[in-house]
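1. below are the sequence and a predicted model; questions follow.
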Amino acid sequence: NAGVTQTPKFRVLKTGQSMTLLCAQDMNHEYMYWYRQDPGMGLRLIHYSVGEGTTAKGEVPDGYNVSRLKKQNFLLGLESAAPSQTSVYFCASSYKTTGRTIDTQYFGPGTRLTVL
Amino acid sequence: GIQVEQSPPDLILQEGANSTLRCNFSDSVNNLQWFHQNPWGQLINLFYIPSGTKQNGRLSATTVATERYSLLYISSSQTTDSGVYFCAVNRGGTSYGKLTFGQGTILTVHP
């Protein structure tokens, strides 16, 4: 049981390049999330998904796209990277339990992205 | 949206000391989690505690939902407790578990 995994761990891009970050979870969770963390700040939600084939915008969605083609995977794409997207990106997943709207969110190890 | 404020922003302790971290939130919540981000950047779940009190070893947490605050207690601190502690909340309903994070408390424990 690997929990939540993220690929890659580190990446350096030039302005205007594109890339995709992959998040995978093996806990059969319905909900998945992408957050970014900038220096001295807490995490901010980029996009999220409540199930296979569904996605929605979070607090800071501009410049990113996502897809959830399979329940266990949630992809975050940068079509044209900008220096302002230099950040650490975290993926998380959670499940809905009886009697509660949502339960604990489990986080991946993060991807450190630098855009030059 | 909901506001989350953590205090103090920084805390420096000697090994063996006790500490209390506070999280205030501006609206009712049905999910509150405490996380520890270690020096390598990994986020570790400490507690899921929308109300009540929980304990796990040297750590305990209390959430008073009606007064909109939560406290994280660390007893007999160790150098491995160093890092950033985050409080995060969710309002429930149609918010689908989306967490709003506080700015964090940076804890440094000296040997």
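-> In hand now; what should we look at?

2. pretty sure A:Tyr82 sits against A:Gly63.
-> No, residue A:82 isn't Tyr; it's Ala. Yes - the pair A:Ala82 / A:Gly63 is scored as a contact, 6.5 Å apart, by CB atoms under 8 Å. All C-beta spots, glycine's among them, are computed from the backbone N, C-alpha and C.

3. what bits of chain A have low per-residue confidence?
-> Residues of chain A meeting the criterion pLDDT under 70: A:97-103.

4. how about the residues of it that lie near chain B?
-> Counting by CB under 8 Å from any CB of the partner chain, chain A comes close to chain B at A:31, A:33, A:35, A:40-45, A:48, A:50, A:56, A:58-59, A:88, A:90, A:92, A:94, A:96, A:100-107, A:109-110, A:112.

5. from those, which ones fall inside strands?
-> Judged by DSSP state E, the residues of chain A next to chain B include A:31, A:33, A:35, A:43-45, A:48, A:50, A:56, A:88, A:90, A:92, A:94, A:106-107, A:112 as members of strands.

6. now the two most distant members of those residues.
-> Pairwise distances across these (CB to CB) peak at 27.5 Å, for the pair A:Val50 and A:Arg112.

7. at the contact with chain A, which residues of chain B appear?
-> By CB under 8 Å from any CB, the residues of chain B that approach chain A are B:1, B:4, B:30-31, B:33, B:35, B:41-43, B:45, B:48, B:86, B:88, B:90, B:92-93, B:96-104.

8. drop anything exposed from those.
-> B:4, B:30-31, B:33, B:35, B:43, B:48, B:86, B:88, B:90, B:92, B:96-104 (16 or more other CB atoms under 10 Å in any protein chain shown).

9. tell me how far the residue nearest the centre of chain A lies from chain B.
-> By CA atoms, centre = their mean, chain A has its centre lying nearest to A:Trp34, at 2.5 Å. For A:Trp34, the distance to chain B (CB to the nearest CB, to the nearest Å) stands at 11 Å.
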